[in-house]
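K.L.:
Please find the sequence and the predicted model below.
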Amino acid sequence: MSGLEHVAPTTGSRRVLLEAADARLARRWSSRLRGAGFQVTRCDGVGRGGSGCPLVDGCSCPLVESADVVVHALRGERGQAVLRELRRSGPPVLALTGVHAAPAAQGADSLAAELVPLRLVDEVRRTCASRARLIALPLQLNDGRWVSIRAIDTADGELLRKFDASLSERSRQLRYHGSMPALTAEQAAHWATVDFHDRFALVAVAGDGEHELIIADCRLVPFPDQPGSLEIAIAVADDFQAAGLGRALVQLTLGVAADRGVDVVALVRYDNQRMMRLLLELGFRRTEWELGVVTFVARAQSIVEHVRAVTGQAPAAGPASAGRSALATAPLSGPD
Ligand SMILES: CC(C)(COP(=O)(O)OP(=O)(O)OC[C@H]1O[C@@H](n2cnc3c(N)ncnc32)[C@H](O)[C@@H]1OP(=O)(O)O)[C@@H](O)C(=O)NCCC(=O)NCCS
């Protein structure tokens, strides 16, 4: 087993700990979050028996430990102390105190109730998405080689350019549906910048440190022909093709995006048997065939469920053959 951390992506990132002293606000925010599919646990910052937040006393808190995201709206010095501790050790925190909750800071709770939660669900989703940046998943390919899958990083522009330039002419044709000039530095920097909310990208890498090379890139970007949908695009380095990497990477990327509840579209050249087979096996539907391009559609969450049903197992880092289940459904564990 590789020594890399295994941080599964965010399909399971639905557990929100809501810290707010105002019961009426907390009820309102909870119901909004629950309506959006989150599991919400509430804490008023007082703690059991009125003893206060255990974090501030240097202890662990089971509520924080079992949360994917903390929404923090505790005010005052005590609230700030809790926030400091959360930021040191907890899961991603969405702080609704300070500037984000100016009305609340003035004590105008009713106003805060109107203003603060307007974008609450969206903000919580974004905060959940930030967990995707922690993904670091060792994967053994069907031919025995080990690679790692991780979230793309803004510093990856040059590695992306090298990867793109290394692809064979046929792979580039299949990836771009025609000839495409080499990526410019600006394009590569743009591709390396994703928010894991509207744009997602995972890469597979081999080697480490200054020898690290991107050997596959899988991304989801807004699909202009169908607003609200995302288009999936992937390329695997020629040397690493047909070893299970493409399948694992597509599954993981869809798993990361599954919370968005969006349709995912794939446009595949008519002669790209491998990609078509991969998509069909994952549960995509073929919807159109036009000008040599075949359109496939699926809902990201349905693919996650489809693969879970077929494999019947939680994702694990292991051989890519088992990695058919390398889906984003395992309990999350943060890096040490
Ligand atoms: C298409 C691509 C992403 C697939 O990734 P990959 O790592 O090579 O594929 P995998 O090894 O995960 O295989 C996926 C599935 O393709 C099918 N497949 C593999 N090799 C195949 C072959 N030679 N012929 C037909 N199907 C094949 C199988 O169904 C396989 O699953 P299984 O063997 O586990 O049942 C990759 O080959 C690639 O980057 N190609 C060039 C760029 C491209 O086509 N991008 C897609 C644009 S839409």
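P.N.:
Arrived safely. Residues are numbered from 1 along each chain as shown.
K.L.:
going forward, measure contacts and count neighbours with C-alpha atoms only.
P.N.:
OK.
K.L.:
Can you list the low-confidence ranges for the stretch 1-150 of the chain?
P.N.:
Within the stretch 1-150 of the chain, the segments meeting pLDDT under 70 span 1-13, 47-51, 97-118.
K.L.:
Which residue does it have closest to the ligand?
P.N.:
N142 (8.0 Å; C-alpha to the nearest ligand atom).
K.L.:
so how far is D217 from the residue nearest to that residue when sequence neighbours are not counted?
P.N.:
Excluding the flanking residues, the one nearest N142 by C-alpha to C-alpha, 6 or more residues apart in numbering is A243, at 5.0 Å. From A243 across to D217, the span is 15 Å (C-alpha to C-alpha, to the nearest Å).
K.L.:
Those two - which one has more neighbours?
P.N.:
Set side by side, A243 and D217 show more neighbours around D217, with 25 against 18, by other C-alpha atoms under 10 Å.
K.L.:
Which secondary structure element is home to the more buried one?
P.N.:
For D217, the host element (DSSP states H and E) is strand 213-222.
K.L.:
how close does L33 get to E123?
P.N.:
11 Å.
K.L.:
between these two, which one's more packed in?
P.N.:
L33 (22 against 14).
K.L.:
wait, what's in contact with that one?
P.N.:
Counting by C-alpha atoms under 8 Å, 6 or more residues apart in numbering, L33 makes contact with Q39, V40, L120, V121.
K.L.:
quick one: which of these has the most company?
P.N.:
V40 (21 neighbours).
K.L.:
Torsion angles phi and psi at L230?
P.N.:
Main-chain torsions, L230, degrees, to the nearest 10: phi -120, psi 150.
K.L.:
Other residues contacting stretch 285-302?
P.N.:
Counting by C-alpha under 8 Å, 6+ apart, 254-255, 257-259, 261-270, 279-280, 283-284 sit against stretch 285-302.
K.L.:
Flag every buried residue along that stretch.
P.N.:
The neighbour-count check on stretch 285-302 (16 or more other C-alpha atoms under 10 Å) flags R285, R286, V293, V294, T295, F296, V297, A298, R299, A300, Q301, S302 as buried.
K.L.:
who in the protein is up against the ligand?
P.N.:
171, 174-175, 233-236, 241-247, 267-268, 273-275, 277-278 (C-alpha under 6 Å from any ligand atom).
K.L.:
which ones among those are found in strands?
P.N.:
If you go by DSSP state E, the residues of the chain next to the ligand have A233, I234, A235, V236, L267, V268 in strands.
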